[in-house]
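A.B. asks: predicted model and sequence below, questions to follow.
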Amino acid sequence: MSYQEKKNIVSLIGTVLIFGFYGLYVFQQRLNGGLDSNDSLSFWGAVILILIPVSIAAKIIITIVFNIIFRMTTNETEPTFSDELDKLIDLKATRNSHYVFILGFLLAMGSLVLDVQPFLMFLILIFSGFVSELVGVTTQIYLYRKGV
């Protein structure tokens, strides 16, 4: 298994864990009345604004730990270059990820048109961001295995 495949598998697991733990945290905060849960729009806005830096920081930490463990176990360093295949795979994964997020964004806006509760729009946005991340990483794993 190549470095890129291992890195993407760790990223996939990390994404699921981050989303799962953060989802449990938000659920508990909602039940306990934290994060200003009296005002629904304010609560969900805070949820999204907190999710972004938490997710970025956790992914940076996961990447650093992965590189340290990878180097200790294989005595190899992270590849310092990316060839055309890596760039092509990254572009295709980004395209698929953006398609999924745009679909989720349109569904979120459609939920507002259908006059459902506003929290549903936020849930759809958060979930579409999560699914788009999964689609991007899964696409990369698939293309590294199958080839372009």
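C.D. replies: Nice, I can see it.

A.B. asks: need the longest helix for this structure.
C.D. replies: helix 40-74 (DSSP state H).

A.B. asks: nearest the middle, which residue of this structure would you pick?
C.D. replies: Glu133 (3.9 Å; CA atoms, centre = their mean).

A.B. asks: tell me the SS of it?
C.D. replies: Following DSSP: H, G, I helix; E, B strand; the rest coil, the label given to Glu133 is helix.

A.B. asks: and the pLDDT at Gln4?
C.D. replies: With respect to pLDDT, Gln4 scores 89.

A.B. asks: ok so, going back, name the helices or strands packed onto the longest helix of the chain?
C.D. replies: helix 3-32, helix 118-146 (3 or more CB pairs under 8 Å, 6 or more residues apart in numbering; DSSP states H and E). Using the backbone N, CA and C atoms, a C-beta is placed for each residue, glycine as well.

A.B. asks: sorry, back to before: residue contacts, the residue nearest to the centre of the chain?
C.D. replies: Thr15, Ser97 (CB atoms under 8 Å, 6 or more residues apart in numbering).

A.B. asks: 26 is where my numbering starts, stick with that
C.D. replies: New numbering, starting at 26: the last item is Glu158.

A.B. asks: about what we covered before: out of the helices and strands packed on helix 65-99, which is closest to Ile77?
C.D. replies: helix 143-171 (9.3 Å; CB to CB).

A.B. asks: what is the mean pLDDT for that closest one?
C.D. replies: 93.

A.B. asks: what distance do you get for the residue of the chain positioned farthest from its centre to Ile77?
C.D. replies: Largest separation from the mean C-alpha position in the chain: Asn100, at 29.2 Å (CA atoms, centre = their mean). Distance, Asn100 to Ile77, by CB to CB, to the nearest Å: 36 Å.

A.B. asks: where in this structure is pLDDT low?
C.D. replies: 58-64 (pLDDT under 70).

A.B. asks: that older thread, buried deepest among the helices and strands packed on helix 65-99, which one?
C.D. replies: The highest mean neighbour count among the helices and strands packed on helix 65-99, using mean count of other CB atoms under 10 Å, belongs to helix 143-171: a mean of 18.

A.B. asks: and the angle for that helix with helix 65-99?
C.D. replies: 20 degrees (axes from the mean of the first three to the mean of the last three CA atoms, to 10 degrees).
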